[in-house]
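>>> make a model of this:
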Amino acid sequence: MDKNTVFSKTDAGREALASRPPALGPRLRSLLIMVDGKRRVEEFNQLLGGDGAVNLLEQLQQQGWIDAPRAAAPAPATAAAPSGAAPEAGSTLPPVSDILPLAEARKGVVRFINDQLGPMGESLAMKVEGCKNAADLQALLPRIRDGLRNLKGAGAVQQFDQTWAGRLPPA
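Now for the predicted structure:
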């Protein structure tokens, strides 16, 4: 499998996340959650360590839960947004001072957690997705920081604060 291959969830994959069929074990489910049509196989391998993602991605594809792959261009060494463009969720570009709407903030924080922690951050990401209002999201910040610090170190917390903390809606 090409390391630049990108997968997307199918309708069946989205349904499998909701219905939790027996064939969708914990590791496959964690990986299926992370499949977003943007990440390359090499990124999944980094998250899972070694080449562990290839077999799991093949299983997801065989079940029809992810689309047939398409090859993407290799990731650039550094990405710069055009002047005035907002950075993508999870990017490491300097934060924009604008406060994001709750839905967009949740999505970005979940992406950051998934990028940093992979399957180990699934429960935390699900708690963020379950936030009904800005106060819920703000209340989770200490837990998010603790999880990042414990699993990735202080640098991940600093990156989170620089990228997201100032953009989250106030409680």
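>>> in the lengthiest helix in the chain, which residues are buried?
Using DSSP state H to assign secondary structure, the helix with the most residues in the chain is helix 134-152. If you call a residue buried by 16 or more other Cβ atoms under 10 Å, then helix 134-152 has these buried ones: Ala134, Leu137, Leu140, Leu141, Ile144, Arg145, Gly147, Leu148, Lys152. Placement of C-beta: from N, CA and C, glycine included.
>>> go on, stretch 102-122?
Buried, per 16+ other Cβ under 10 Å, within stretch 102-122: 102, 105-122.
>>> tell me the secondary structure for Glu104?
Following DSSP: H, G, I helix; E, B strand; the rest coil, we place Glu104 in the helix state.
>>> so what pLDDT did it get?
Per-residue pLDDT puts Glu104 at 88.
>>> again, but for Thr163
Looking at Thr163, its pLDDT is 84.
>>> now Asn150
At Asn150, the model reports a pLDDT of 89.
>>> tell me how far it lies from Met34.
When distance is defined by Cβ to Cβ, to the nearest Å, Asn150 is 20 Å away from Met34.
>>> same thing with Gly121?
Using Cβ to Cβ, Gly121 is found at 10 Å from Met34.
>>> find the residues that touch each one of the two.
Between them, Gly121 and Met34 share the neighbouring residues Asn114, with contact defined by Cβ atoms under 8 Å, 6 or more residues apart in numbering.
>>> next one: phi and psi at the residue lying closest to Leu148 once chain neighbours are set aside?
Of all residues not flanking Leu148 in the chain, Ala156 sits nearest, at 4.2 Å (Cβ to Cβ, 6 or more residues apart in numbering). Here is the backbone geometry of Ala156 (degrees, to the nearest 10): phi -70, psi -40.
>>> number of residues surrounding Ala156?
For Ala156, the neighbour count with other Cβ atoms under 10 Å is 20.
>>> that one and Asp115 touch, don't they?
No: taking contact to mean Cβ atoms under 8 Å, the distance of 9.8 Å between Ala156 and Asp115 leaves them out of contact.
>>> pLDDT weak spots in this structure?
Within the chain, the stretches with pLDDT under 70 are 68-97.
>>> quick revisit: if I pick the residue nearest to Leu148, what's in contact with it?
Residues touching Ala156, when contacts are defined by Cβ under 8 Å, 6+ apart, comprise Gln116, Leu148, Arg149.
>>> list just the nearest of those to Phe160.
Minimum distance to Phe160 across the contacts of Ala156 is 5.7 Å, recorded for Leu148 (Cβ to Cβ).
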